[in-house]
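Trainee: sequence first, then the predicted structure:
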Amino acid sequence: MSEFESTPRSNSNALLAALAVALLAGVGGLIWSATLSSRLSHQETALTDANQQNLKMAAELRETNARLQVATEELGKSLGLTQKQMDARADQIIERQDANNQRLETAQKQTAQQVNSVSNEVSNVKTDVGGVKNDVGGVKTDVAKTRSDLAGAISQLQSMKGDMGMQSGLIARNHDELELLKHKGDRNYYEFTLNKGEKKPVGTVTIELKKTDAKKNKLTLMVYSDDKKFEKKDKNVNEPLQFYAGKDPMLFEIVVNSINSKNQITGYLSSPKNAPVPTSR
């Protein structure tokens with residue numbers, strides 16, 4: 001093939017290729033135009049719907065405003081108020097709200113100041129409480145010492161058998177030792193002073209002094225209890241005089257601490273803690 005024959009054929013191929021590219025570009029443009037047109041159509045539809053909604057909302061707003069205006073006018077008429085008066089009332093309400101807000105703010109500030117004051121007072125109270133604690137500590141120390149002294153004093157008291165052969169508890173030989181026994185709290189104690197020939201209630205029993213011998217420190221007693229009587233004849237000072245009394249018999253004791261020259265004795269009655277007590281001591 002000659003050079004002149006190959007040249008037209010090359011030109012023909014190039015032309016066909018260009019036509020193919022142009023054709024594809026045209027088809028692509030048509031497709032893109034169709035897609036764009038569809039999107040545009042959707043946007044126009046959406047815009048139309050939005051406009052319709054806006055129109056509807058605007059109409060409803062106008063209707064609401066109209067109804068509100070009618071209601072306001074009717075309210076003004078029913079209250080006998082003009083629009084100017086209603087506006088004045090509205091201004092008064094706003095001013096009242098502002099005043100309430102101002103009062104609330106002032107009250108909050110006052111509350112904060114009171115809280116600070118109370119906090120200071122609480123701090124002072126804590127300081128005072130610290131001082132009271134120290135005082136209480138000192139009191140506890142004194143109480144502990146008193147208890148220790150009391151225990152030491154009680155340990156010096158004697159225990160002995162009574163006239164019935166029963167082992168007695170601790171015996172008080174005077175008023176001070178009796179006070180120690182009362183603090184111990186194991187039994188009930190009733191002090192008495194009795195003259196010769198005298199019959200006297202003591203606790204829940206009655207005691208009668210029959211005879212005394214101050215030189216020998218001896219005495220004779222008659223004890224009345226539960227419609228019974230017990231004679232304690234020629235007994236010694238500080239000797240536990242024992243007898244049973246009560247519905248459920250319990251051991252009672254009488255201890256005479258002293259006899260004076262006037263035929264008078266002093267002492268005490270001791271009864272169990274759970275024994276009946278007189279209604280008036």
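Mentor: Great, that's in hand.
Trainee: can we go C-alpha only for contacts and neighbour counts from here?
Mentor: OK.
Trainee: mind checking what secondary structure Leu194 has?
Mentor: strand (DSSP: H, G, I helix; E, B strand; the rest coil).
Trainee: if I read this right, it contacts Thr266, doesn't it?
Mentor: Yes: counting by Cα atoms under 8 Å, Leu194 touches Thr266, with 6.4 Å between them.
Trainee: quick one: secondary structure of Pro276?
Mentor: Strictly by three-state DSSP, Pro276 counts as coil.
Trainee: neighbours of the closest residue to it other than its chain neighbours, how many?
Mentor: Nearest-residue entry for Pro276: Thr204, 7.4 Å, with adjacent residues in sequence omitted and distances by Cα to Cα, 6 or more residues apart in numbering. For Thr204, the neighbour count with other Cα atoms under 10 Å is 19.
Trainee: all helices of the stretch 101-250 of the chain, in order?
Mentor: Per DSSP state H, counting those that start in this stretch, the stretch 101-250 of the chain carries helices over the ranges 175-184.
Trainee: hey, where'd the strands end up in it?
Mentor: Applying DSSP state E, counting those that start in this stretch to the stretch 101-250 of the chain gives strands spanning 158-161, 167-171, 187-195, 199-202, 205-213, 218-225, 228-236, 241-245, 250-259.
Trainee: could those be laid out in JSON lines, adding mean neighbour count?
Mentor: Shown next, in JSON lines, are the strands of the stretch 101-250 of the chain (neighbours: other Cα atoms under 10 Å):
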{"stretch": "strand 158-161", "mean neighbour count": "14"}
{"stretch": "strand 167-171", "mean neighbour count": "18"}
{"stretch": "strand 187-195", "mean neighbour count": "17"}
{"stretch": "strand 199-202", "mean neighbour count": "16"}
{"stretch": "strand 205-213", "mean neighbour count": "19"}
{"stretch": "strand 218-225", "mean neighbour count": "19"}
{"stretch": "strand 228-236", "mean neighbour count": "15"}
{"stretch": "strand 241-245", "mean neighbour count": "21"}
{"stretch": "strand 250-259", "mean neighbour count": "20"}
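Trainee: which of the ones you listed has the lowest average pLDDT?
Mentor: Of all the strands of the stretch 101-250 of the chain, strand 158-161 carries the lowest average pLDDT, namely a mean of 73.
Trainee: neighbouring contacts of that one?
Mentor: By Cα atoms under 8 Å, 6 or more residues apart in numbering, the residues outside strand 158-161 that reach it are 167-172, 240.
Trainee: out of the residues you listed, which comes closest to Asn274?
Mentor: Nearest to Asn274 out of the contacts of strand 158-161 is Gly169 (Cα to Cα; 15.7 Å).
Trainee: where does the stretch 51-200 of the chain have low pLDDT?
Mentor: 73, 75-81, 122-123, 125-126, 128-133, 135-158 (pLDDT under 70).
Trainee: rewinding a little: any chance of TSV for the contacts of strand 158-161, columns distance to Ile254?
Mentor: Formatted as TSV, those follow (distance: Cα to Cα, whole Å):
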residue	distance to Ile254
Gln167	14
Ser168	11
Gly169	12
Leu170	12
Ile171	10
Ala172	11
Pro240	6
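Trainee: what sits against the residue nearest to Pro276?
Mentor: With contact set as Cα under 8 Å, 6+ apart, Thr204 has these partners: 225, 276-278.
Trainee: relative to Ser270, how far out is it?
Mentor: Computed with Cα to Cα, to the nearest Å, the distance linking Thr204 and Ser270 is 11 Å.
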